[in-house]
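[1] take this sequence and fold it.
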Amino acid sequence: LLVILLPPRPHAGPDADARGAADTLVHVLSPDGMAVGSTGRCAPSAMPRADTVVAVLPATDVAWHQVMLPKAPAAKMPQALAGVLEEQLLDEPDETHLALAPKPVVGESTWVAATHRRWLAERLSELESAGIMVDRVVPACAPGFAPQGHFFTQAGDDDSGSADKLWLAWSDPGQAVCLRTAGGLARAVVSPEAMKTA
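    Have a look, this model is predicted:
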């Protein structure tokens, strides 16, 4: 199993959508999907080969929305979800890739992941051009049953670990968010009690 961390999408500047490619990518190679065999950073063309390839979306590039799953044929579900989420999406619906959480049930509450369609397609195309066929795309952070979180720095940030550079990716049953640790927002959103159980 080869896990490839996709680079974050730049969100500033007039040509942000055209950027976001990385010369080198972080990857993890696992013999069984559980243990870490090796890790590294290299160009896509130099990636180790594997039977299964999983691409991981950065936590900052996935927005989560909770909706009642509409009744629609599978082929029409993306349009149905876009209609339900139209007011909540940051980008236009045709610029947004939507994905349902596993095993959704019509008429019940479910989570929908949203990311930028063209940016994701370009990253997958770059990997395909290097001979890497991605089997699955998964989020780095998603709402779940148990509270969990991890700290990270964005590409371009230094490695000082100072509060103005450090982010918290946090998920629990009711949310999945990325917050800067500078200031009080992270403490306001994530309670000390929840942090102790993560």
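
[2] select the longest helix from this protein.
    Using DSSP state H, we find that the single longest helix of the chain is helix 117-129.

[3] now do that one, average pLDDT.
    The average of the pLDDT scores along helix 117-129 is 94.

[4] make 6 the first number, not 1, from now on.
    Noted, 6 is the first residue going forward, which turns the last one into helix 122-134.

[5] how about residues contacting it?
    With Cβ atoms under 8 Å, 6 or more residues apart in numbering as the test, helix 122-134 has contacts from 9, 11-12, 14, 22, 25-26, 49, 58, 60, 62, 66, 99-102, 138-139, 142. C-beta coordinates here come from the backbone N, C-alpha and C atoms, glycine included.

[6] now the residues you listed: which count as buried?
    Taking 16 or more other Cβ atoms under 10 Å as the criterion, what is buried in the contacts of helix 122-134 is 9, 11-12, 14, 22, 25, 49, 58, 60, 62, 66, 101-102, 139, 142.

[7] so which elements touch the helix or strand just after the longest helix of the chain?
    Downstream of helix 122-134, the first helix or strand assigned by DSSP states H and E is strand 141-144. Judged by 3 or more Cβ pairs under 8 Å, 6 or more residues apart in numbering; DSSP states H and E, the packing partners of strand 141-144 are strand 58-62.

[8] determine the angle, from 0 to 180 degrees, between the strand it packs on and helix 122-134.
    On the basis of axes from the mean of the first three to the mean of the last three Cα atoms, to 10 degrees, strand 58-62 is oriented at 150 degrees to helix 122-134.

[9] so what are the sheet partners of strand 58-62 and their directions?
    If you go by DSSP bridges, strand 58-62 pairs up with strand 7-10 (parallel), strand 141-144 (parallel).

[10] Ala40 is nearest to which of these?
    For the strands paired with strand 58-62, proximity to Ala40 was assessed by Cβ to Cβ; strand 7-10 is nearest, at 12.3 Å.

[11] gap between the helix or strand following that closest one and the chain center?
    Using DSSP H and E, the helix or strand that follows strand 7-10 in sequence is strand 30-34. Centroid displacement of strand 30-34 relative to its chain, using Cα atoms, centre = their mean, to the nearest Å, is 16 Å.

[12] kindly export strand 30-34 (C-alpha atoms) in PDB.
    The C-alpha trace of strand 30-34 is given here as PDB (Å, rounded to 0.1, in the frame of the first residue of the first chain):
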ATOM      1  CA  LEU A  30       5.600  14.600  -2.400                       C
ATOM      2  CA  VAL A  31       5.600  12.900   1.000                       C
ATOM      3  CA  HIS A  32       4.700   9.200   0.800                       C
ATOM      4  CA  VAL A  33       4.400   6.200   3.100                       C
ATOM      5  CA  LEU A  34       4.800   2.600   2.000                       C
END
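
[13] okay, the strands paired with strand 58-62, which one's buried deepest?
    Stretch with highest mean neighbour count among those: strand 7-10 (a mean of 19; mean count of other Cβ atoms under 10 Å).

[14] pLDDT score for the residue lying closest to Val67 once chain neighbours are set aside?
    Closest residue in space to Val67, ignoring its immediate chain neighbours: Pro144 at 4.7 Å, by Cβ to Cβ, 6 or more residues apart in numbering. With respect to pLDDT, Pro144 scores 93.
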